[in-house]
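Undergrad: Please find the sequence and the predicted model below.
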Amino acid sequence: PRMTAQVNQVALAKLEQAQAKERLKSYEAMNETLRGQLHEQSKELSKLRSESESTIFQLQQMLEDKNAQLSAAPSILQAQLGKRDATIAALEATVLAQQQQLDSLAGPADCENCSR
């Protein structure tokens, strides 16, 4: 009976050891799978980070361009207003000169000479 108990204990210990080895293999396989997934996710994250940085850079460039355009807008508008004012002044002078020509062709404004 004693020998049988020892044999049973040895057999039980060997069985537990074999089961532990199987669990270890299973855990190692799971670990390897998770490492592979982690590696792939890390690569994807790196790619997304790079794309995000590129997009942010492009948006910053666009914003700087728009800010430059907005900064230049007042002086451009001022120049256009100056041209408009000069055109209006020239047109007013032309109208005044034409009015003076018409007045000189019409003769005196009073009707004393209307009988001529």
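TA: That came through fine.

Undergrad: can you pull out the helices in this structure?
TA: Under the criterion DSSP state H, helices of the chain are mapped to 2-106.

Undergrad: Name the residue closest to the centre of it, please.
TA: residue 59 (2.9 Å; Cα atoms, centre = their mean).

Undergrad: which residues touch that one?
TA: By Cβ atoms under 8 Å, 6 or more residues apart in numbering, no residues touch residue 59. Every C-beta, even on glycine, is put in place using the N, C-alpha and C of the backbone.

Undergrad: Could you report the pLDDT at residue 62?
TA: pLDDT for residue 62: 98.

Undergrad: Run a quick neighbour tally on residue 48.
TA: Residue 48: 10 surrounding residues under other Cβ atoms under 10 Å.

Undergrad: same check, this time on residue 93
TA: With other Cβ under 10 Å as criterion, residue 93 counts 10.

Undergrad: From residue 80, how far out is it?
TA: Counting by Cβ to Cβ, to the nearest Å, the gap from residue 93 to residue 80 is 20 Å.

Undergrad: for residue 94, same thing?
TA: Residue 94 sits 21 Å away from residue 80 when distances are taken as Cβ to Cβ.
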